[in-house]
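Peer 1: Got a predicted model here, sequence first, then my questions.
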Amino acid sequence: MISIENDGNMIALKNSDERMWAKSVESGAKVLTFFDVGGSQRNSNKVLSTMASVHPDYAFLVISAIQGVSKTSEEHIRMAMTMKIPLVIILTHTDLVSANYLFALRNNVRFFYIERASK
């Protein structure tokens with residue numbers, strides 16, 4: 001969690017510091033909380049329960065250009081769209097694939113996202 005105080009100072013807190021966490025939530029002008037959920041299929045229930053319980057303002061989905069869009073990535077996109085959570089898709093390892101492959105992957109991600117949005 002990162003707390004941004006009224007004077008603009010940022011304070012990064014660890015989960016183990018519960019007293020500071022509570023104080024920062026109360027006094028912070030803005031509070032950012034990050035949940036890192038696994039990308040494997042077996043973690044899909046955890047992703048769904050986390051998103052349903054905290055209803056985040058945004059979701060970030062990291063997709064490796066090497067691996068491409070997996071079934072799990074598609075599932076996470078569906079979850080965010082179903083819950084009407086704005087989604088930021090981040091492509092990593094773009095320097096390790098050809099420009100043509102990267103172009104095709106970006107189009108694949110766009111097509112999947114737009115196709116789901118229109119349904």
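Peer 2: On my side now, so go ahead. Numbering: from 1, shown residues only.
Peer 1: alpha carbons only for contacts and neighbour counts from here, please
Peer 2: OK.
Peer 1: Now do the contacts for L91.
Peer 2: By CA atoms under 8 Å, 6 or more residues apart in numbering, the contact list for L91 reads 62-65.
Peer 1: now the strands for the protein?
Peer 2: 2-4, 10-12, 30-32, 59-64, 87-92 (DSSP state E).
Peer 1: circling back: list only buried entries from the contacts of L91.
Peer 2: Applying 16 or more other CA atoms under 10 Å to the contacts of L91, the neighbour count classes 63, 65 as buried.
Peer 1: can you point me to the longest helix in this protein?
Peer 2: helix 99-117 (DSSP state H).
Peer 1: now that one and strand 59-64, what's the angle there?
Peer 2: What separates the directions of helix 99-117 and strand 59-64 is an angle of 150 degrees, with axes from the mean of the first three to the mean of the last three CA atoms, to 10 degrees.
Peer 1: who touches helix 99-117?
Peer 2: Contacts to helix 99-117, defined as CA under 8 Å, 6+ apart, come from residues 65, 68-69, 74, 77-78, 81, 94.
Peer 1: do the same with stretch 48-60
Peer 2: Outside stretch 48-60, the residues touching it (CA under 8 Å, 6+ apart) are 79-80, 83, 85-90.
Peer 1: Buried only: go through those for me.
Peer 2: Among the contacts of stretch 48-60, the ones that count as buried by 16+ other CA under 10 Å are 79-80, 85, 87, 89.
Peer 1: I'd like those residues as CSV, with distance to A99 appended.
Peer 2: Formatted as CSV, those follow (distance: CA to CA, whole Å):
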residue, distance to A99
M79, 30
A80, 28
I85, 30
L87, 24
I89, 18
